[in-house]
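Novice: Give me a model of this one.
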Amino acid sequence: MTKTEELISSNLKDAMRSGDSLTVNVLRLVQTAIKNRQIEKRTKGEVDELTEDEIQAILRSEAKKRKEASDMYEKAGHKDRMESEQKELAVLKNYLPKQIEGEELEKMISGIIEKENLTTFNDAIKKVMSELRGRADEKRIVEIIKNILG
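Specialist: Okay, here's the model as predicted:
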């Protein structure tokens with residue numbers, strides 16, 4: 001069991017004791033997604049133990065779902081549902097690494113591109129994503145690379 005899994009399990013117990021139904025529901029959904037991924041690996045004949053990176057990928061996926069749902073509810077004018085999705089997203093963000101944003105992100109991307117002497121979009125996106133995956137918004141990374149490479 002990874003550190004993140006242990007933390008989620010511990011926080012779920014605490015949330016159950018304190019009666020925090022929002023956190024309980026979100027963490028149960030995450031645990032279910034983790035179990036589903038373990039079953040998926042087992043059926044392929046792989047070891048069903050997940051790595052920390054795989055757990056983070058599940059958390060990013062769940063966070064992305066909440067963000068997209070929140071945006072859709074906002075566009076549709078469903079403020080109550082939008083707020084609910086944002087609250088769930090806030091719970092998930094507690095388990096994700098801090099996101100790199102703004103100028104710091106631009107500096108990191110331009111530094112990677114310059115250091116590796118990358119000239120094509122495909123080469124740049126592969127290298128930058130390999131180094132920054134999960135630490136920054138992927139759409140923003142693509143925008144910055146397009147701006148840098150023209």
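Novice: mind listing what's buried in the host helix or strand of residue 125?
Specialist: Using DSSP states H and E, residue 125 sits in helix 121-132. Neighbour counts over helix 121-132 (16 or more other CB atoms under 10 Å) mark 124-125, 127-128, 132 as buried. Placement of C-beta: from N, CA and C, glycine included.
Novice: tell me what it is packed against?
Specialist: helix 102-116, helix 138-149 (3 or more CB pairs under 8 Å, 6 or more residues apart in numbering; DSSP states H and E).
Novice: Let me know which of those is the nearest to residue 22.
Specialist: The closest of the helices and strands packed on helix 121-132 to residue 22 is helix 138-149. By CB to CB, the value is 26.7 Å.
Novice: who touches that closest one?
Specialist: Contacts to helix 138-149, defined as CB atoms under 8 Å, 6 or more residues apart in numbering, come from residues 101, 105-106, 109-110, 113, 118-121, 124-125, 128-129, 132.
Novice: Does residue 135 belong to a helix, a strand or coil?
Specialist: Three-state assignment for residue 135 (DSSP: H, G, I helix; E, B strand; the rest coil): coil.
Novice: Pop the domain breakdown of this protein in here.
Specialist: 3-93, 102-149 (automatic domain parsing).
Novice: Mean pLDDT lowest where, among the ones you listed?
Specialist: Looking at these, the lowest mean pLDDT belongs to domain 102-149 (a mean of 91).
Novice: I'm done for today, thanks for sticking with me.
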